[in-house]
Every structure is written in structure tokens, then in C-alpha cells.
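Peer 1: no FASTA, just this:
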């Protein structure tokens, strides 16, 4: 990644939508019932692929009143998971025997899930926010990957551009943030889980069973970075244990 990158060759929105609808992301499908007014906001298209990327569990959206494993509604019995617009949304677990449904319920209430909801924007405005602290108890989230393997993978795939540990600082691009600086960001976990849709990564990144092949007329400008979901989970586990950079004031980013 030392070379000058070409501009992104895949639209981020199209890539996220492709991930959300790709049946190859795990075989354990969860049926989520949600009202059309929530679906039309685009929140679920934004949130669901990020959960699937981490877990391999795919969710399909069904209409209100249809058979479902989970029900997302202001009127359902269940914990409050986010607020807005003009409603506080609850997640009801209709099928407690479905491991994937239970896992999504835990993830959405976790710190990572809450940050993911809050980072969704429409025309620069975030219409949804986590419930107040007195409404929901945020569950802790850990990454199950091998952190030692994650460090090796980070060096192999990311060390050409980012400083991923002390040994790689001298071989990186100066304008590219280090893993330590990224770790200092409040939403570092969301950024790493969806890095492949953030410029310039879509131009040269392939996640097995997630990203579509490069268009024939727009191949990767460099040797492609290819990894699996397990590889990404290992990288997340590594980043979770490295110390964040002490940058003084909180990191500001767009």
C-alpha cells in the first residue's frame, strides 16, 4: 500500500447493499420483523451488514405481522434499543431458541451495536440515537479472534500503509493514520468492521463471501488485499488490545 492509490472504484452505498443482500454470509438466517417506516429510513440496510460481517449471521427483513424470530417495534415487549424519529424502539425476541436471533439482540444492545446505530446519517444528520442510560444496560462486546494472528495479518495486509505496531512505523505512508491513532477514535470498532467500504479500500480489497469481484474494466490498481471474515475477526481482536494513542484532546473526524 506504499503506492499512490487510485480513487475508489466501487460506490460505498452499492457495496453495503450488496453485503446486506448476499446470501453467502452465513447459513443461519434470522427473520426480523420491522415496520415499513423504519425500513424506508435506510437504518437497517446500514446496520445489518455490519452485524453479518462480524458474526456471519444473515438477517432477512419481513413485514409486520409475519412470522419472525425478532420483532423491532415501539410497541413490542422487549428492551429499548434506540430512539428516533419520534419513537423509542424495542427489540422483542420471538424465538429464544434461535442462536442467531439471540446473538443479534445482544449485539444491538452492546457498545458496538449502539455506536453503529448512532453513526447512521441521512444528509449529514443522525436521526437515531441510543436510549438514555437509565433505559438500557449496554452489554460488553469482545472479539473472538486470535490477537496474535491478527497482528501478523495486520502487518501483512495493512503494514504497507498503516503503522500497525512499533516495528512498522518507519515503513508507512505519513498521511495514513496508525492503528494506535485509529484505536483512539470512539467508533474505532465500527470503522475496522466496515473498513472495506471506506476509501480507498474498496479499490483493492476483497473479503471472501462478502465483496463482489472487481469489475473486469476496473481491476485493482495494486496487488489485491484478500482476507476472510475469520482474518478480519483476528485483526479486530488485535486492535482491541493495543493501546490507543494519547493525542490529548479527543480525536475529531468526519
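Peer 2: Ah, there it is. Everything quoted here is computed from the prediction, not taken from an experiment. Numbering: from 1, shown residues only.
Peer 1: Neighbours of residue 185, how many?
Peer 2: 19 (other CB atoms under 10 Å). In this view, the C-beta of every residue, glycine as well, is placed from N, C-alpha and C.
Peer 1: Confirm that it lies within a helix, as I assumed.
Peer 2: No - membership of residue 185 in a helix is not supported by DSSP: H, G, I helix; E, B strand; the rest coil, which gives coil.
Peer 1: how close does it get to residue 192?
Peer 2: Look at residue 185 and residue 192: by CB to CB, to the nearest Å, they are 10 Å apart.
Peer 1: For the stretch 151-254 of the chain, give me the ranges with low pLDDT.
Peer 2: For the stretch 151-254 of the chain, the stretches with pLDDT under 70 are 247-254.
Peer 1: now with 50?
Peer 2: The stretch 151-254 of the chain contains residues with pLDDT under 50 at 250-251, 253-254.
Peer 1: ok, now the stretch 1-150 of the chain?
Peer 2: 1-27, 135-138.
Peer 1: now the strands for it?
Peer 2: 29-33, 58-62, 70-73, 80-83, 88-93 (DSSP state E, counting those that start in this stretch).
Peer 1: Mind checking the ones you listed for the one nearest to residue 202?
Peer 2: Minimum separation from residue 202 across the strands of the stretch 1-150 of the chain (CB to CB) falls at strand 58-62, 21.1 Å.
Peer 1: Only the buried residues of that closest one, if you could.
Peer 2: 58-59, 61-62 (16 or more other CB atoms under 10 Å).
Peer 1: and of these, the nearest to residue 171?
Peer 2: Proximity of the buried residues of strand 58-62 to residue 171 was ranked by CB to CB; the top entry is residue 58 with 38.1 Å.
Peer 1: just checking, that closest one touches residue 30?
Peer 2: Yes - Residue 58 lies in contact with residue 30 (CB atoms under 8 Å); the separation is 7.2 Å.
Peer 1: which residues are common contacts for those two?
Peer 2: Taking CB atoms under 8 Å, 6 or more residues apart in numbering as the contact rule, residue 58 and residue 30 have no neighbour in common.
Peer 1: Point out the most buried one among the strands of the stretch 1-150 of the chain.
Peer 2: Comparing the strands of the stretch 1-150 of the chain by mean neighbour count (mean count of other CB atoms under 10 Å), strand 70-73 comes out on top with a mean of 22.
Peer 1: quick one: strands adjacent to that one?
Peer 2: strand 29-33 (parallel), strand 88-93 (antiparallel) (DSSP bridges).
Peer 1: rewinding a little: of all the strands of the stretch 1-150 of the chain, which one is nearest residue 39?
Peer 2: Per CB to CB, nearest to residue 39 of the strands of the stretch 1-150 of the chain: strand 58-62, 6.2 Å.
Peer 1: how far does that closest one sit from the chain's center?
Peer 2: 17 Å (CA atoms, centre = their mean, to the nearest Å).
Peer 1: which secondary structure elements does it contact?
Peer 2: Judged by 3 or more CB pairs under 8 Å, 6 or more residues apart in numbering; DSSP states H and E, the packing partners of strand 58-62 are strand 29-33, helix 43-55.
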